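J.: 3D model of this:
(chains A and B, ligands or ions: 2)
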Amino acid sequence: MPRTRIEIPDEIEHFSILDQEGNLDSGLEPNIADETLLQLYHYMLLGRRFDERLLSLQRQGRVGTFAPISGQEASQLGTAAVLRPSDWLVPAFRETAAELWRGRTMESVMLYFNGYSEGVEIPDERNDFPISVPVGSQILHAVGIAWASQYRGKDDVAMAFFGDGATSQGDFHEGLNFAGVFRIPVIFVCQNNQWAISLPRKKQTRSETLAQKAIAYGIKGIQVDGNDVLAVYAAASEAAQRARAGDGATFIECVTYRLSVHTTADDPKRYRTDEEVELWQQRDPIKRFQKYLVTKGLLSEEKVAAAETAVKEEIQAAVDRAEEQMKNPGDPLYMFEHAYAQMPPHLVEQKEYLARALSSQKKG
Amino acid sequence: MPKMTMVQALNLALRQEMDKDDRVIVLGEDVGLDGGVFRVTDGLYQQFSDKRVVDTPLAESAIVGMSIGMAAYGLRPVCEIQFSGFSYQAFHQLENHAARLRWRSRGRFSVPMVMRTPCSGGVRALEHHSESREAYYAHTPGLKMVIPSGPRNARALLVSAIRDPDPVIFYEPKSLYRAFREEVPEEEEAIPIGTSQLAREGSDVTLISYGSMMRPTLEAASLLKEKDGIEAEVVDLLTISPLDDSLFTASVRKTGRAVIVHEAPRSFGPGAEIVSKIMEKSFYYLEAPIARVTGFDVVVPLFNRENAYLPNADRILRETRQVLAA
Ligand SMILES: Cc1ncc(C[n+]2csc(CCOP(=O)(O)OP(=O)(O)O)c2C)c(N)n1
Ligand SMILES: [Mg+2]
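T.: Ligands and ions are numbered 1, 2, ... in the order given. As a prediction, the model looks like this:
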């Protein structure tokens, strides 16, 4: 028989629990504590309102270039929420909500996007990598981290974030392949927000789904409604369990949408229609989750209003603290710190040179 | 003559070369409908179609690797890497293949491609968007490395780069993209790759620079004249590799003093090579040690501290005065 069929898994599951209006498929309702649900809601709201605030500050020249997250709150929080503090989060550059969930402060985010190196300082208790700008490059680090955890016999997992565009990079394919070969306890979270700057998802790959790419590497792949925080949470919980049980990696494709600009330097009107944006606004992850929580009796109109006020105040306080801190421009010589464990002689010389140059510049 | 920004001047070069030669195609991330994130390829997609102006999937190694194949087949790909900080994903393709296919095939194949990429700092950008790593490419045998300093020479150099039979890395200092306008002739103009230019004549000291640092260097030269009555001669290298040493050799032999300015890190930077050339060819003419004014050997800091990193007219002035005093 020269031509035989080889059976491979040829189906990818699409997973959603809440419909567009926020109605529940009760058979699928995950078991999440009320407190966690409300916390998720709080962070989704915080993520959105902070994003909006950053955008308006950016337009006033009070924040530098940044990548907004609006529309992607459920994808980021449903996933990050299943991590334990000892797990590792390896973000790309559009995961502010996930980072806040993990304990990064809004001041830190503001400092970073204002060009202050102080904004990349990470407290010892947080196992999270800094933002990674080179698309897809961080995927490999997450695999390496999880591999090391496996080597040490720990059940800590690593979660890598990246976009639909990143799936075209070699690093993505190499990362998934290694994860498959060595059964690494890593969770790949792809936020398929339909766009990589001006390139639509359909021009990024001919594949029907991104999730199916997992099949080729022998790892579990699943596509979830990324604007349905319950489905995202459920899929991520399964992935974490799988990883901790020694059953290897999972690739989660979160189907979501970037409601805002790519970065504040971008003009999306050049490549996409308002109608498309409006369509996705109707699938807003926060509205859907809110509806579910109201139906469940955990939220009411008054509670929503109170949450909005609380979030607003929290943001205002953080903005005030950050702006206060930024009144101090910081020592320029700080740029020489942390280049190496020990400063080599040539950097000592350069640091002294800059100190002299700056002080004579001041004198004029 | 119309006055143009560097972005417009580069666009003109691409448009005219594409018009003349159907072997020329443009490929890269967001170069089509979006016109490139800096709009250098603006309107080309509409004029030449998506067949010749190609929005690629997000993969720098692929963009450069496929340009190599296309070039070997006889096309003249001009690929764009969105920021030079992301050209390293393609570095192995440049080092292992673009730079040596001619050599390895004993001349049977060649790689007449251009890799355009915005480089250097000064625009308050995010991390990985401010580096000057021309030394990597200049250090790679088989590549040519070009860095213009203004709209007019940018246009004339890009034309030559596209027509060049070998791979050219074309660094575009992004701080100059819209910093100023210059008259750029509509009719064809090309500056041969591998030729430097005199940007200012003088007899007391030679300032050697290129790219983004030409403006502070020229500013320092004016200040020297104004404040100290010193006549500085300024050489704009334009091509880093192959390095044209003829002008600065003649100049240093005349002035006996040299200062080299670049934004790239100090150690093993282009300045080190230029100093060596001066030592090899003009040592007996020197009247003072050569000075370098450069970026530091650390990552370009986030933009709040970036100004302290970048060389400026003040630093150039001070170093030059020391060279003059020696
Ligand atoms: C290696 C690399 N190439 C190019 C860029 C420029 N760039 C930044 S984001 C981006 C698109 C990324 O798309 P995607 O992976 O879908 O993430 P999204 O921006 O949609 O979150 C590009 C091309 C980069 N940062 N890194
Ligand atoms: Mg995307």
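J.: how about residue A:251, phi and psi?
T.: With angles defined as degrees, to the nearest 10, residue A:251 sits at phi -110, psi 120.
J.: distance between the ends of stretch B:200-213?
T.: Stretch B:200-213 has its terminal residues 14 Å apart, counting by CA to CA, to the nearest Å.
J.: oh, that last question was meant for stretch A:76-89, not what I typed.
T.: Distance across stretch A:76-89, first residue to last, is 11 Å (CA to CA).
J.: list the buried residues of it.
T.: Residues A:76-83, A:87-89 are the ones in stretch A:76-89 that count as buried (16 or more other CB atoms under 10 Å in any protein chain shown). All C-beta atoms are positioned from the backbone trio N, CA, C, and that covers glycine.
J.: ok, stretch B:71-90 next?
T.: For stretch B:71-90, a neighbour-count test (16+ other CB under 10 Å) marks B:71-72, B:75-90 as buried.
J.: centre of the chain to it, how far?
T.: Here the centre of stretch B:71-90 is set off from its chain's centre by 15 Å, with CA atoms, centre = their mean, to the nearest Å.
J.: and that stretch, is it in reach of chain A?
T.: Yes: contact of stretch B:71-90 with chain A (CB under 8 Å from any CB of the partner chain) involves B:85-86, B:89.
J.: give me the most central residue, chain A.
T.: residue A:95 (2.7 Å; CA atoms, centre = their mean).
J.: what segments of the stretch 51-200 of chain A are helices?
T.: Along the stretch 51-200 of chain A, the stretches classed as helices by DSSP state H, counting those that start in this stretch are A:73-80, A:96-101, A:106-113, A:138-151, A:170-181.
J.: could you do chain B as well?
T.: For chain B, the helices defined by DSSP state H occupy B:6-20, B:44-48, B:60-73, B:91-93, B:101-104, B:134-138, B:151-163, B:214-223, B:246-255, B:270-282, B:306-309, B:313-325.
J.: and of the ones you listed, who's closest to ligand 1?
T.: For the helices of chain B, proximity to ligand 1 was assessed by CB to the nearest ligand atom; helix B:60-73 is nearest, at 5.7 Å.
J.: which one among the buried residues of stretch A:76-89 gets closest to residue A:3?
T.: Nearest to residue A:3 among these, counting by CB to CB, is residue A:79 at 41.9 Å.
J.: OK, contacts around residue B:130?
T.: Residue B:130 is in contact with B:85, B:120-123, B:300, B:303, B:306, counting by CB atoms under 8 Å, 6 or more residues apart in numbering or on different chains.
J.: same thing but 7 Å
T.: Residue B:130 makes contact with B:120-121, B:300, B:306 under the criterion CB atoms under 7 Å, 6 or more residues apart in numbering or on different chains.
J.: now residue B:159
T.: Listed by CB under 7 Å, 6+ apart, the contact set of residue B:159 reads B:13, B:17, B:190.
J.: about what we covered before: how much space separates the residue nearest to the centre of chain A from residue A:211?
T.: As defined by CB to CB, to the nearest Å, residue A:95 lies at a distance of 19 Å from residue A:211.
J.: swap in residue A:190?
T.: Residue A:190 sits 8 Å away from residue A:211, going by CB to CB.
J.: what sits in contact with each of these two?
T.: Common neighbours of residue A:190 and residue A:211 are listed as A:251, A:253 (criterion: CB under 7 Å, 6+ apart).
J.: the two - which one has more neighbours?
T.: Remark: of residue A:190 and residue A:211, residue A:190 carries more neighbours, 30 against 26, as counted by other CB atoms under 10 Å in any protein chain shown.
J.: report the beta-bridge partners for that one.
T.: residue A:162, residue A:253 (DSSP bridges).
J.: one more: the one 5 residues further on?
T.: Applying DSSP bridges to residue A:195 gives these bridge partners: residue A:200.
J.: go ahead and confirm it touches residue A:256.
T.: No: between residue A:195 and residue A:256 there is no contact under CB atoms under 7 Å: 10.7 Å.
J.: neighbour-wise, which of the two wins?
T.: Legend: neighbour count by other CB under 10 Å for residue A:195 and residue A:256, higher for residue A:256 (28 against 21).
J.: hmm, back to that, can you narrow the residues of stretch B:71-90 next to chain A to ones near ligand 1?
T.: Among the residues of stretch B:71-90 next to chain A, the residues that sit close to ligand 1 (CB under 6 Å from any ligand atom) are B:86, B:89.
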